[in-house]
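Trainee: Any chance you can model this:
(chains A and B)
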Amino acid sequence: MRVRYAPSPTGSPHVGNIRTALFNWLFARHHGGRFILRIEDTDAARKIEGAEEEIMESLRWLGLDWDEGPVVGGDFGPYRQSERLSIYQDMARRLAEEDKAYYCYCSTERLAEMRAQQAKEKRPPGYDRRCRELPPSQRPAGIPPLVRYKMPVEGKTTFHDLIRGDVTFDNAVLDDFVILKSDGYPTYHLANVVDDYLMEITHVMRADEWIPSTPRHLLLYEACGWRPPLFVHLPIILGPDRAKLSKRHGATSLAAYRDQGYLPEAMLNFLALLGWSLDDKTEVLTKEDIVRHFSLERVGKTAAIFSLEKLDWMNGLYIRHLGAEDLRDRLMPFLDKGLPPEAPRPLSPGYVLAIASLVQERLKKLSDVVELTDFFFVDDLSYDVSLLLGKSLKRDLASQALELSIQRLKPMAVFDAHSLEETLRPLAADLGLKTGAFFGLLRAAVTGRAVTPPLFESMALLGRERVMDRLEQALGRVKAILGLTG
RNA sequence: GGCGCAUUCGUCUAGCGGCCUAGGACACCUCCCUCUCAAGGAGGAGACCACCGGUUCGAAUCCGGUAUGCGCUACCA
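Mentor: Model prediction:
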């Protein structure tokens, strides 16, 4: 079995696009077939420099390796359509010679006018076939022609979709579509059919939106005298507004999710579940699990909305299951990029390792680490004094609590989490404070935040010097307020 | 407008004629645990299976129609 992922390099691939790649890859790996990457760069105008590299980078990030295609080569290359132009041109010429296609000289302006007229008269749009029977003698000179397929005017075309069953179209609703543009480039329809044939693709697995063009492709296979492959149309992925996922949905490119700190293994698991399921309960699956069980029979037919909530949960789950050093290594670049410049670099791997274990079960995304742990790296804690006083804490009590804490902390022989808790916990009672209120005060003083990793572990990691320093500073701030208001 | 595809909790889905007074997960709510936040544990609420007709002893499951959504309708893919 041979399947392909055939993106056009018009930008960084979005998750819907990549999901199609994933299903092709899963299908190939499950059946021991070949997964081919083919770049469909037939639209010179929309082609974006660097997009091809981004496509490959996205595939690599998810771990979808291709057996043939750019970089790796293969026996059916080249795998970039812009390098296969003569093949399409020869084919278009052949079809024209066999009277299965014809040259069209209509200008873009005329076509636009025609469409406007059709719309006005509420007639179905489509080429009016003016050039269809144009004798060679009447061909205008000096106008580079394009080539159109000579669509049968009657009859029906039916194809069998592996997950949708038979789909039938009336040939009459199909117009004479362009197969070769006037710039010598093929359209998707021609290039796709020619390449799928020449590359011996057995299953064309692509998004739902291609269903309406499948009869054109089928007719093209027929015109060329080729046996068509099997067709599989995958449900599309919609944005939260139920429209087809596209650029305007914000962070839809796979790379954007990577940059936010989603793990590739979580993304792969999540994407696989968008349209495929193993059974009525299993949801957490490794790549190997999915490959082992993947089957077209369990691919659904309804469009799915790409919603972040479940992805976030799954990402957190995968983060929690990471080994300590693995997590540290993945966190490092996010800290490096996200921490303010005053945080000393390079970051200490040992220090980050300890921090990582403190936040592991608190992360949904790797990028969350910055907000959660910046106080470990930066000494200038800028927080509002009200954070120290809280809602119910009297000011004099706050200052008293800080003073007492400093006093008790000073003589501690070992400054570890356990000893810290042993010396500080009784203090709450001594002060007549609830532990929540007391620890909240200390937390604010030491971290400048209301929400942090566990207090004693954090204090131990920060070290005696910094903790004492921050407590003193907090005390000073509370006292300043006391003095101000009497 | 034409053509096509789809239609089960807010979301992802299980279900392929009786196991369904519809199962799981995320999100949500409550409680427990607890130094905050998480994580974890225990509960809860949430779907008249889009609607209307058939077929059948019996339908979420089969058939037809309607509605709605989405897609296609380019010298884009």
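Trainee: With only the CA atoms kept, save the helix or strand of chain A with the lowest mean pLDDT in CSV.
Mentor: Here the helix or strand of chain A ranked lowest by mean pLDDT, DSSP states H and E is helix A:386-389, holding a mean of 83. Output of helix A:386-389 as CSV, limited to C-alpha atoms (Å, rounded to 0.1, in the frame of the first residue of the first chain):
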residue,chain,number,x,y,z
SER,A,386,-1.8,44.3,49.7
LEU,A,387,-0.7,40.8,48.8
LEU,A,388,1.1,40.6,52.2
LEU,A,389,-1.8,41.9,54.2
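Trainee: buried ones in the next helix or strand after that helix?
Mentor: Following helix A:386-389 in sequence order, the next helix or strand is helix A:395-409 (DSSP states H and E). The neighbour-count check on helix A:395-409 (16 or more other CB atoms under 10 Å) flags A:Leu397, A:Ala398, A:Ser399, A:Ala401, A:Leu402, A:Ser405, A:Ile406, A:Leu409 as buried. Yep, even glycine has a C-beta here, placed from its N, CA and C like the rest.
Trainee: what packs against the helix or strand hosting A:Asp312?
Mentor: Applying DSSP H and E as the criterion places A:Asp312 in helix A:308-320. Using 3 or more CB pairs under 8 Å, 6 or more residues apart in numbering; DSSP states H and E as the contact test, the elements touching helix A:308-320 are helix A:264-273.
Trainee: The helix or strand following the helix it packs on and RNA strand B in contact?
Mentor: Downstream of helix A:264-273, the first helix or strand assigned by DSSP H and E is helix A:287-293. No - if you take CB under 7 Å from any atom of the strand as the test, helix A:287-293 misses RNA strand B, and the best it gets is 12.3 Å.
Trainee: which helices and strands sit right next to helix A:287-293?
Mentor: helix A:15-31, helix A:264-273.
Trainee: most packed of those?
Mentor: Most buried of those, by mean neighbour count (mean count of other CB atoms under 10 Å): helix A:15-31, with a mean of 24.
Trainee: quick check: angle from it to helix A:264-273?
Mentor: 90 degrees (axes from the mean of the first three to the mean of the last three CA atoms, to 10 degrees).
Trainee: pLDDT value on A:Ala450, please?
Mentor: Looking at A:Ala450, its pLDDT stands at 92.
Trainee: Can you report phi and psi for it?
Mentor: Main-chain dihedrals, A:Ala450, degrees, to the nearest 10: phi -90, psi -20.
Trainee: distance of it from A:Val385?
Mentor: According to CB to CB, to the nearest Å, A:Ala450 stands 13 Å off from A:Val385.
Trainee: swap in A:Pro240?
Mentor: 40 Å.
Trainee: would you say A:Ala356 is within a helix?
Mentor: Yes - assigned with DSSP: H, G, I helix; E, B strand; the rest coil, A:Ala356 falls within a helix.
Trainee: what about it, neighbour count?
Mentor: When neighbours are counted by other CB atoms under 10 Å, A:Ala356 registers 24.
Trainee: likewise the one 4 residues further on?
Mentor: Residue neighbour count, defined by other CB under 10 Å, stands at 19 for A:Gln360.
Trainee: do the same with A:Thr202
Mentor: If you count neighbours by other CB under 10 Å, A:Thr202 ends up with 14.
Trainee: Looking at A:Ala450 and A:Val385, which has the bigger crowd around it?
Mentor: A:Val385 (14 against 11).
Trainee: wait, doesn't that one sit right on A:Arg477?
Mentor: Yes - under the criterion of CB atoms under 8 Å, A:Val385 makes contact with A:Arg477 at 5.3 Å.
Trainee: List the buried residues for the least confident helix or strand of chain A?
Mentor: So for helix A:386-389, counting by 16+ other CB under 10 Å, buried means A:Leu387, A:Leu388, A:Leu389.
Trainee: which one of those residues is nearest RNA strand B?
Mentor: Using CB to the nearest atom of the strand, A:Leu387 is the member of the buried residues of helix A:386-389 that lies nearest RNA strand B, at 11.3 Å.
Trainee: Nearest residue to the closest one in space, please, no chain neighbours.
Mentor: A:Ala444 (4.4 Å; CB to CB, 6 or more residues apart in numbering).
Trainee: mind pulling up the phi and psi values for that neighbour?
Mentor: Torsion angles, degrees, to the nearest 10, at A:Ala444: phi -60, psi -40.
Trainee: so who does it touch?
Mentor: A:Tyr383, A:Leu387, A:Leu388, A:Gly390, A:Ala450, A:Ala474 (CB atoms under 8 Å, 6 or more residues apart in numbering).
Trainee: and the longest helix anywhere in chain A, which residues are buried?
Mentor: In chain A, assigned by DSSP state H, the helix with the most residues is helix A:464-485. For helix A:464-485, burial by neighbour count (16+ other CB under 10 Å) applies to A:Val467, A:Met468, A:Arg470, A:Leu471, A:Gln473, A:Ala474, A:Leu475, A:Arg477, A:Val478, A:Lys479.
Trainee: if I pick A:Ile48, what's in contact with it?
Mentor: A:Pro9, A:Thr10, A:Gly11.
Trainee: er, A:Leu274 I mean
Mentor: Neighbours of A:Leu274 in contact, by CB under 8 Å, 6+ apart: A:Arg19, A:Ile237, A:Ala304, A:Phe306.
Trainee: where does the stretch 101-250 of chain A dip in pLDDT?
Mentor: A:248, A:250 (pLDDT under 70).
Trainee: what ranges do the helices span in it?
Mentor: For the stretch 101-250 of chain A, the helices defined by DSSP state H, counting those that start in this stretch occupy A:108-120, A:188-198, A:214-224.
Trainee: Of the ones you listed, flag the one that's most buried.
Mentor: When the helices of the stretch 101-250 of chain A are compared using mean count of other CB under 10 Å, helix A:188-198 is most buried, at a mean of 22.
Trainee: quick one, it and helix A:214-224 angle?
Mentor: 60 degrees.
Trainee: Quick one: list the elements packing against helix A:188-198.
Mentor: Checking 3+ CB pairs under 8 Å, 6+ apart, helix A:188-198 ends up next to helix A:85-97, strand A:178-180, helix A:214-224.
Trainee: Which among those is found nearest to RNA strand B?
Mentor: Using CB to the nearest atom of the strand, the nearest of those to RNA strand B is strand A:178-180, at 3.7 Å.
Trainee: Show me what the closest one is in contact with.
Mentor: Contact with strand A:178-180 is made by A:88-89, A:92, A:95, A:101, A:104, A:146-149, A:186-187, A:189-190, A:220, as judged by CB under 8 Å, 6+ apart.
Trainee: at 10 Å instead, please
Mentor: With contact meaning CB atoms under 10 Å, 6 or more residues apart in numbering, strand A:178-180 is reached by A:85, A:88-89, A:91-93, A:95-96, A:100-101, A:103-104, A:127, A:145-149, A:186-191, A:193-194, A:216, A:220, A:223.
Trainee: what about it and RNA strand B, touching?
Mentor: Yes - applying CB under 7 Å from any atom of the strand, one finds strand A:178-180 touching RNA strand B at A:Val178.
Trainee: Repeat that for stretch A:349-367.
Mentor: Yes - counting by CB under 7 Å from any atom of the strand, RNA strand B has neighbours in stretch A:349-367: A:Glu361, A:Arg362.
Trainee: Any idea how far apart the tips of that stretch sit?
Mentor: 17 Å (CA to CA, to the nearest Å).
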